[in-house]
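pasting the sequence and the predicted model now:
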Amino acid sequence: MKLIFVAFCLLIAVIAARAQENYAANLIPNELLPYASAVVRNEEVSIEVKDLDNTIYRVKKAITVLNKNGDDLAHMVIWHDKSRTIRYIKGAVYNEFGMQTGKFSQSDFEDVSAIDGFSLFDDTRLMHYLPTVNIYPYTIAYEYEVHSKQSLIFEEWQPNPATGTAIEKSLFTFICKPEFRIRYKATNLPTGESIGTNAAGEKTYSWHIKGLKAVKQEPFSPYDKTYLSSVKIAPENFKYHGISGSFTTWEQLGKWIYDKLLVDRAAIPMETETRIKEITAGITDPKLKAKKIYEYMQQKTHYISIQIGIGGFQPFPASDVDKLNYGDCKALVNYTKALLKTVDIDSYYCIVKSGRQHKVSMLNDFASMDQADHVILCIPFKNDTTWLECTDQKMPFGFLSDFTDDRTVLACTPEGGKLLHTPKYTKEENVEKRSANFVLNDTGELTGNIETLFKGTDYDNREWMINDSRTDQLKDIKKIYPINNMEISKLEYKQDKSLKPVTTEDINLTAREYAAVSDGKYNFMLNSVNRIGRPLKSLRNRQNQVSITRGFTEEDEITYVLPKGYKLDSEPLNLNINKPFGKFTAVMAVKGNTLTYSRKFQLNDGLYDKDTYQDLVDFYQAIVDADEYNVTMVKSN
C-alpha cells in the first residue's frame, strides 16, 4: 500500500508539473492578445548580492512568440567577460500546442566578440541564440545564471522590454544582506514593491506584474521607457573591478568617477606638450586655441567602438592614446582633455545617453551608473560653454549634431558631478535650404542646377556619401532626387566648419522627357527636388502622446524657364497650413514664360496630445498631395 501511495503521489506531482509548464498558445488569456507579437508566459528574475564583489543573476523565462515581429524577444543575448561568468544556460522550444520540439544548452549558443573590428579589448563577448522556428506561434522557455564580480551596476528589470509584448506573470526579486543599502526607481508598474526578509535573514525586495496588456507600436511615440515598465536599482556602497565607492547623488557619483577612474590618466609625453604649445603660439583667444587642439586630436587619432557599460568605465591613459593614435569615446575625451590642460584650458569629462531618435536625459532624481553609453567633452568658457564630440575625425569644432544634443549629461569635475544640458538645435537652425534653376525645352528635356545648404543638425546629412567614390555618389544622389532620366555633369560638396557649420551641395543636371508633351499639352511635376513620398498611416485608438523629437525647416525655391507658346491650363498651387506642430506653404506663380515655385515645411518639436495624431496624418497627407502636383500647359492661340 505504501508503494502504491508513493507511486500515486509521484504521478500527481508529474501531472502537476506538466500542468504548470503547459505552454499551449490557446491558454493565453484573450485579453492579452490585442497588439501582442509575444506574450511572457512566466518570468522569474532575481539579483542576489552575496558580497560587494559577488552578485548572482538568475533568470527563468518562458515567452510565446505569436508572429515574426516577436522573434527579437526570443533572441537570447548574454554578455560575459573575465569578471562576469555564465554558470549555465538551458532551455527548450515548444510548438503552439505546448509540445516540446527541441531543447538547447550553452553549447548551442554562438559566442562572439562584443566589439566588431579592431579593439583595445579582447575579453568582452556575447553568447546569443535564436531558435530556428518559422511556424507560429512557438514558445521558448529557458533559464540561466550569471556571476558578476561587482556591485556598481545592476541590470534593469524590464518585464515588457518592447512594444507588442504582453505579460501573464513576471516577478523580480532583489536579495541582499541587511546592511547592503539600495535605492530604486520603479516606472509604470501596476503594483508597488514588497519588502521583507527571507529564511536566511537576507533582505528581499520584490515587484510583480500579472495580466499586463501589450503596448501598441505607434509612430511619433515618446521614448519607450516613459511608458513601458521597469525597475532600476542603484547601490549606496559598491565595489567595481576592485575599486570601492559609495554614492546617493549625482554629485557623489561624479566625484567618484573623477577621483577613481580619471585620476592619473592625463599625463602626456613632453614632446606632445611642446607640440601643442607650438601650434597654439600666437593665438590669444582661448576658444580658438581649443579649436586648434581639437583639430590636432582629430588628425592624429581614430576612433574604435567600445560601449560604456561593456568595455568598462575607465579610459585608457592619455599617454597610451598619444602613442597608439586610437581610442574609444572615453579614451579620446580624456586625451583631448589632457591636451587642453597643457595650455591651461579646463574641461569636463561628461557621460551621456546618445541616440538620434530620442533625446534621453539623466534622471534628475535618481543617480546611477547605467544611464549612459557615451562620453563627450565640455569646455566651460565664460558665457560660452562649448561641447566637443571627440570620436568623429570630421566633426566641426563645437558641433554635437543630433547624436548628443539637447539632453542632460553628467559632468565629472574635481568638485563632484554636475548635471549639465547640451545645446539644443532649434527648428530655425536645423535648415535644409534649396535653390534650383531649370530650363524646360519644347521636347520636355530639363536642364539646370540645384544648390542646397545644410545647417544645424542637417549639416551632416550628406556626410555618409561625401568621401565615397564618384560612381557611388552618382548612384546615391539619383536615389535622393526623384527625377527620372537624370544625368549629372557636376556634383560637388563643400563644408564650412566654422562655429556655425554649413554643408553645400552643388549639382548640374539634365533629364530627358522630364515633361510629357502630347497633343498640344505639356505636363510636368512641379516639385522635382524634395518630396515626402509616403503619408503617415491613420491609427485607431492611439495610446501614446505624439512626440516630435526635433524641429526643422525645409525651404525650396524652384524657377522654371518654360518653352514659349504655352499657357497654364491648371489651377496654380496655393496652399498654406498652420498647425501647432508645424507649418507648410506651397505657392506657384507664372510670369511670362517663368514659373516660380516656393515650398516651406517647418516642424515644431514637442509633446502633443494623442488626439493630435490624426491632425498630423492629415497635415502630412496635404504635403504629399502638394508634392505630387502636376503642372498642365496647353498651346496658346
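Thanks, I have it. Residues are numbered from 1 along each chain as shown.

next, the buried residues of stretch 57-72.
By neighbour count on 16 or more other C-beta atoms under 10 Å, the buried set for stretch 57-72 is 57-66, 69-71. Glycine gets a C-beta too; all of them are placed from N, C-alpha and C.

distance between the ends of that stretch?
One end of stretch 57-72 sits 22 Å from the other (C-alpha to C-alpha, to the nearest Å).

gap between that stretch and the chain center?
The chain centre lies 23 Å from the centre of stretch 57-72; the measure is C-alpha atoms, centre = their mean, to the nearest Å.

residues contacting it, please?
Outside of stretch 57-72, the residues within contact range by C-beta atoms under 8 Å, 6 or more residues apart in numbering are 21, 23, 25, 28, 33, 36-48, 73-74, 130, 133, 136-148, 155, 162, 164-165.

and the strands in the stretch 451-600 of the chain?
In the stretch 451-600 of the chain, the segments counted as strands under DSSP state E, counting those that start in this stretch are 486-496, 502-511, 516-518, 521-525, 546-548, 552-561, 566-568, 574-579, 582-591, 594-603.

which among those strands is found nearest to Cys390?
For Cys390, the closest of the strands of the stretch 451-600 of the chain is strand 486-496, at 18.7 Å, according to C-beta to C-beta.

below-threshold pLDDT in the stretch 251-400 of the chain: ranges please.
Along the stretch 251-400 of the chain, the parts satisfying pLDDT under 70 run over 306-311.

before we move on, the earlier item: now, which of the contacts of stretch 57-72 lie within strands?
Judged by DSSP state E, the contacts of stretch 57-72 include 38-48, 138-148, 165 as members of strands.

which of those are buried, as a ChimeraX select command?
Selection of buried members from those for ChimeraX, criterion 16+ other C-beta under 10 Å:
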select :38,39,40,41,42,43,44,45,46,47,48,138,139,140,141,142,144,145,146,147,148,165
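
chain center to stretch 469-479, what's the gap?
27 Å.

ok, now stretch 269-276?
The answer for stretch 269-276 is 38 Å, by C-alpha atoms, centre = their mean.

could I have that stretch exported to PDB, CA atoms only?
What follows is stretch 269-276, C-alpha atoms only, in PDB (Å, rounded to 0.1, in the frame of the first residue of the first chain):
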ATOM      1  CA  PRO A 269      54.700  63.000 -23.300                       C
ATOM      2  CA  MET A 270      56.800  66.200 -23.100                       C
ATOM      3  CA  GLU A 271      57.200  66.300 -26.800                       C
ATOM      4  CA  THR A 272      53.400  66.300 -27.300                       C
ATOM      5  CA  GLU A 273      53.000  69.000 -24.800                       C
ATOM      6  CA  THR A 274      55.700  71.100 -26.600                       C
ATOM      7  CA  ARG A 275      53.900  70.500 -29.900                       C
ATOM      8  CA  ILE A 276      50.600  71.700 -28.500                       C
END
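
buried residues in it?
For stretch 269-276, burial by neighbour count (16+ other C-beta under 10 Å) applies to 272-273, 275-276.

okay, those residues in TSV with distance to Tyr205 and secondary structure next?
TSV is the format used below for the buried residues of stretch 269-276 (distance: C-beta to C-beta, whole Å; DSSP: H, G, I helix; E, B strand; the rest coil):
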residue	distance to Tyr205	secondary structure
Thr272	50	helix
Glu273	51	helix
Arg275	55	helix
Ile276	51	helix
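
first-to-last residue distance for stretch 460-474?
First residue to last in stretch 460-474 (C-alpha to C-alpha) measures 18 Å.

can you list contacts of that stretch?
Here stretch 460-474 makes contact (C-beta under 8 Å, 6+ apart) with 394-395, 401, 432, 454, 476-477, 488, 491, 493, 495, 503, 505.
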